[in-house]
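A.B. asks: fold the following, please.
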Amino acid sequence: MDSMGRRIKDNQDLIAFYETAGKSDKEVEIRYAARVKGLYNGLKNLQGKLEGLQKYDLLTRKAAQEKEILDWIAADPARTAKYAKSWTNLNAFIERQKAFAARSEALNGVPGRLDHPRGAHTLVRAVEELQKQTKNATRPSGAEPSQPAAEHLPWPSAAISSPSTGSFEVDR
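C.D. replies: Alright, predicted model coming up:
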């Protein structure tokens, strides 16, 4: 449930981020409207699952059922010999799965839960947009378009911390 709570908080933070950015820039609001809608759908799904877990006290019930089966196994030496190792192996597998899920969640924690190729595409698109803006802003009127010098570009590395400051510069 901790993981689910973190994912709910992440979705809420992303929604707030996109909505705040959209309030000051209609283009940003329109561009990310589908993503925000998807985040809201995911948020509703996660909240419903969490509510169900809590409403039916499923974790307590699960713990009681596990204790019941462990007591049943321990009550008979033949069952202990037959099932104790399986139970240990199952728990080891569950722990490995939790560790894998935690790593996957960290990788999937890219804003909007993008997969890496799509995230890379978004980053490239953002840089191209910034380059266009920089070219237009730094070129004297009537001058030929040229490649702006790298020092004039607001590269994404400077904006990686933007979500914590509320800035939305990379995606413009």
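A.B. asks: and this protein, split by domain according to the record?
C.D. replies: As assigned by automatic domain parsing, the chain contains the domains 1-56, 114-172.
A.B. asks: and these, which one's lowest on average pLDDT?
C.D. replies: Within the domains of the chain, confidence is poorest for domain 114-172, with a mean of 54 (mean pLDDT).
A.B. asks: count of neighbours near Y18?
C.D. replies: Using other Cβ atoms under 10 Å, the number of residues around Y18 comes to 22. C-beta here means a position set from N, CA and C on the backbone, and glycine is covered the same way.
A.B. asks: give me the phi and psi for it.
C.D. replies: phi -60, psi -40 (degrees, to the nearest 10).
A.B. asks: that one contacts I30, correct?
C.D. replies: No: Y18 sits out of contact with I30 when judged by Cβ atoms under 8 Å, with a separation of 11.4 Å.
A.B. asks: pLDDT on the helix ranked longest in the chain, on average?
C.D. replies: Scanning the chain for the helix with the most residues, using DSSP state H, yields helix 77-108. For helix 77-108, mean pLDDT rounds to 88.
A.B. asks: list the buried residues of it.
C.D. replies: By neighbour count with 16 or more other Cβ atoms under 10 Å, helix 77-108 contains the buried residues Y83.
A.B. asks: what about the residue nearest to G22 when sequence neighbours are not counted, neighbour count?
C.D. replies: Excluding the flanking residues, the one nearest G22 by Cβ to Cβ, 6 or more residues apart in numbering is E29, at 3.1 Å. The local packing of E29 (other Cβ under 10 Å) involves 15 other residues.
A.B. asks: how about the strand or helix carrying E29 as PDB, C-alpha atoms only?
C.D. replies: Using DSSP states H and E, E29 maps to helix 26-31. C-alpha atoms of helix 26-31 as PDB (Å, rounded to 0.1, in the frame of the first residue of the first chain):
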ATOM      1  CA  LYS A  26      -2.900  28.200 -23.100                       C
ATOM      2  CA  GLU A  27      -0.600  26.400 -25.500                       C
ATOM      3  CA  VAL A  28       0.900  24.300 -22.700                       C
ATOM      4  CA  GLU A  29      -2.700  23.600 -21.400                       C
ATOM      5  CA  ILE A  30      -3.800  22.300 -24.800                       C
ATOM      6  CA  ARG A  31      -0.600  20.400 -25.600                       C
END
